[in-house]
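**Q** build the 3D model from these lines:
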Amino acid sequence: MTSLKGKVILVTGGAHRVGRSIALALAQEGASVAITYHTSQKDALQTVEELKALGVQAVAFFCDQTDISQVQKTVTDVHTFFGRLDGLVNNAAIMQEIPFLEITPEDWAQTMDTNARAPFFFTQVAGRLMLAGEGGAIVNILDESAQVPTRYYIHHSAAKAALRMLTLSTALALAPSIRVNAVLPGPVLMPEGGDEERWKRLEKNTPLKRLGSPDDVARAVVYLMKEEFITGQVLVVDGGRTIK
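**A** A predicted model of the protein is given here:
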């Protein structure tokens with residue numbers, strides 16, 4: 001397994017929640033970390049201080065990733081700041097719970113732009129820089145809805161399913177210099193504004209009879225960043241839910 005010490009990794013949406021855990025886990029391995037934020041500037045600045053406290057370089061960039069020009073600028077700015085780019089974690093996403101018959105074209109566009117189109121172009125721009133350098137690794141963050149139908153998050157699931165296929169396709173397109181994988185978490189953190197009763201029921205319906213945590217996802221990301229002979233794979237971290 002390769003060492004992450006001295007590597008530079010960009011984590012989108014790394015200011016809080018699962019993204020923060022991923023950023024901290026990478027820093028603990030010695031990687032310098034750039035994170036993006038949209039509406040969470042205060043959290044982003046705090047996370048940057050926590051990253052620096054681990055002895056690595058860290059920086060936060062504002063990015064509205066529905067704007068592709070901002071996606072392109074962010075990746076370029078990261079490369080300029082650090083002088084290199086070795087890894088990308090496409091973590092930033094939105095998760096709207098809207099009944100199917102009430103989803104508007106605007107809802108669809110916002111979700112697809114954030115959860116599928118943005119990771120595509122983050123991967124494209126970062127991929128060019130990595131290919132011009134020493135190669136690298138990319139990890140996309142999915143969730144159960146990428147492969148298990150849901151009536152609660154239909155347009156979200158469509159976007160995550162697209163990201164799953166993007167993982168497989170770009171693994172082929174960017175090989176052998178860049179590895180592309182994904183982590184598919186199960187119940188590790190309740191969605192913002194989620195139904196607490198429904199969330200509690202997940203524990204009972206999970207084969208391991210417990211819920212996960214953001215740290216479970218972070219460890220999986222670190223593994224895929226380090227393991228040099230894995231590409232085009234989806235690592236499921238769900239306590240067994242998708243095998244039921």
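
**Q** how many other residues sit next to Ser21?
**A** 24 (other CB atoms under 10 Å). For the C-beta atoms, the positions are set from N, CA and C on the backbone; glycine is no exception.

**Q** excluding chain neighbours, what is closest to it?
**A** Pro214 (3.7 Å; CB to CB, 6 or more residues apart in numbering).

**Q** before we move on, which element is Trp108 in?
**A** Taking DSSP states H and E as the definition, Trp108 sits inside helix 105-112.

**Q** and the next element down the chain from that helix?
**A** helix 118-132.

**Q** mind listing what's buried along that following helix?
**A** Buried residues in helix 118-132, counted by 16 or more other CB atoms under 10 Å: Ala118, Pro119, Phe120, Phe122, Thr123, Gln124, Val125, Ala126, Gly127, Leu129, Met130.

**Q** now do stretch 89-103
**A** Val89, Asn90, Asn91, Ala92, Ala93, Ile94, Met95, Gln96, Ile98.

**Q** would JSON lines of the residues you listed with pLDDT be doable?
**A** JSON lines is the format used below for the buried residues of stretch 89-103 (pLDDT from 0 to 100):
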{"residue": "Val89", "pLDDT": "98"}
{"residue": "Asn90", "pLDDT": "98"}
{"residue": "Asn91", "pLDDT": "98"}
{"residue": "Ala92", "pLDDT": "98"}
{"residue": "Ala93", "pLDDT": "97"}
{"residue": "Ile94", "pLDDT": "95"}
{"residue": "Met95", "pLDDT": "93"}
{"residue": "Gln96", "pLDDT": "93"}
{"residue": "Ile98", "pLDDT": "94"}
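
**Q** just the closest of those residues to Asp195, please.
**A** Met95 (12.6 Å; CB to CB).

**Q** so who does that closest one touch?
**A** The contact partners of Met95, taken as CB atoms under 8 Å, 6 or more residues apart in numbering, are Tyr153, His156, Pro191, Glu192.

**Q** quick one: secondary structure of it?
**A** coil (DSSP: H, G, I helix; E, B strand; the rest coil).

**Q** for it, grab phi and psi.
**A** phi -140, psi 90 (degrees, to the nearest 10).

**Q** could you measure from it over to Val33?
**A** Plainly put, Met95 is 23 Å away from Val33 if you go by CB to CB, to the nearest Å.

**Q** right, and the residue nearest to Ser21 touches Leu189 too?
**A** Yes - at 5.5 Å, Pro214 counts as touching Leu189 under the criterion of CB atoms under 8 Å.

**Q** now the top strand by length along the chain - C-alpha only, PDB.
**A** Selection of the longest strand in the chain by residue count, based on DSSP state E, yields strand 178-185. The C-alpha coordinates for strand 178-185 follow below in PDB (Å, rounded to 0.1, in the frame of the first residue of the first chain):
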ATOM      1  CA  ILE A 178      -5.200   7.100 -11.900                       C
ATOM      2  CA  ARG A 179      -7.200   4.700  -9.800                       C
ATOM      3  CA  VAL A 180     -11.000   5.400  -9.400                       C
ATOM      4  CA  ASN A 181     -13.100   3.700  -6.700                       C
ATOM      5  CA  ALA A 182     -16.200   4.500  -4.600                       C
ATOM      6  CA  VAL A 183     -17.400   4.000  -1.100                       C
ATOM      7  CA  LEU A 184     -21.100   3.200  -0.600                       C
ATOM      8  CA  PRO A 185     -22.100   3.900   2.900                       C
END
